[in-house]
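J.: The sequence and its predicted three-dimensional model are supplied below.
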Amino acid sequence: MARILIVDDSPSQLLGIKRIVEKLGHETLSAEDGAAGVEVAKQEKPDLILMDVVMPNLNGFQATRTISKNPDTAHIPIILVTTKDQETDKVWGMRQGAKAYVTKPIKEEDLVKALQEFLPG
């Protein structure tokens, strides 16, 4: 199955997302902020990244832009998973390189659908 990097500064959110992803049979990696997420993405080259937006150090928009502009990691699909639910946030997130946008509180079926859309067969 796929290796999925979860980037979230909330331990409870991280655990909740991890449970959903592992229930689908995928392996998870995690990072507690955007800067750490960029480093893990570079080192581990996961199949997909689930990225929170509101985080210390480097926010999810900045981390997404950094990962999607780096030739070594640009191929990795990034799904933003965030409480920021305004249309402008979604548009901005997609402009930074995100492929999809899932709002919190997470509905498991929304996350599963987004994962299935961007993971190889």
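T.: Arrived safely, thanks for sending.
J.: and Val102, which of the three is it?
T.: At Val102 the chain is in strand, as set by DSSP: H, G, I helix; E, B strand; the rest coil.
J.: Which strand residues bridge it?
T.: Beta-bridge partners for Val102, by DSSP bridges, are Val81.
J.: Flag the shaky bits of this structure, pLDDT-wise.
T.: By pLDDT under 70, the low-scoring segments of the chain are 121.
J.: my guess is Lys18 meets Leu5, correct?
T.: No. The criterion here is CB atoms under 8 Å, and Lys18 misses it with Leu5 at 10.9 Å. In short, each C-beta sits where N, CA and C put it, glycine included.
J.: Tell me which stretches of this protein form helices.
T.: Using DSSP state H, the helices of the chain run over 11-23, 34-44, 60-69, 87-95, 108-118.
J.: quick revisit: shared neighbours of Lys18 and Leu5, which are they?
T.: Jointly contacting Lys18 and Leu5 under the rule CB atoms under 8 Å, 6 or more residues apart in numbering are 28, 30.
J.: Those two: which has the busier surroundings?
T.: Each of Lys18 and Leu5 has its neighbours counted (other CB atoms under 10 Å); Leu5 has more, 23 against 18.
J.: Report the contact partners of the residue nearest to that one when sequence neighbours are not counted.
T.: With CB to CB, 6 or more residues apart in numbering as the criterion, Leu5 has its nearest non-adjacent residue at 4.1 Å, and that residue is Pro46. With contact set as CB under 8 Å, 6+ apart, Pro46 has these partners: 2-5, 29, 40, 76.
J.: of the residues you listed, closest to Thr103?
T.: Ile4 (18.5 Å; CB to CB).
J.: which residues touch the residue nearest to the spatial centre of the chain?
T.: The residue lying closest to the centre of the chain (CA atoms, centre = their mean) is Leu50, at 1.6 Å. Shown in contact with Leu50 (CB under 8 Å, 6+ apart): 4-8, 17, 21, 79, 81, 111.
J.: and for stretch 56-66, what are the contacting residues?
T.: With CB under 8 Å, 6+ apart as the criterion, stretch 56-66 contacts 7, 9, 33-38, 51-55, 78, 80, 82, 92-93, 96-98.
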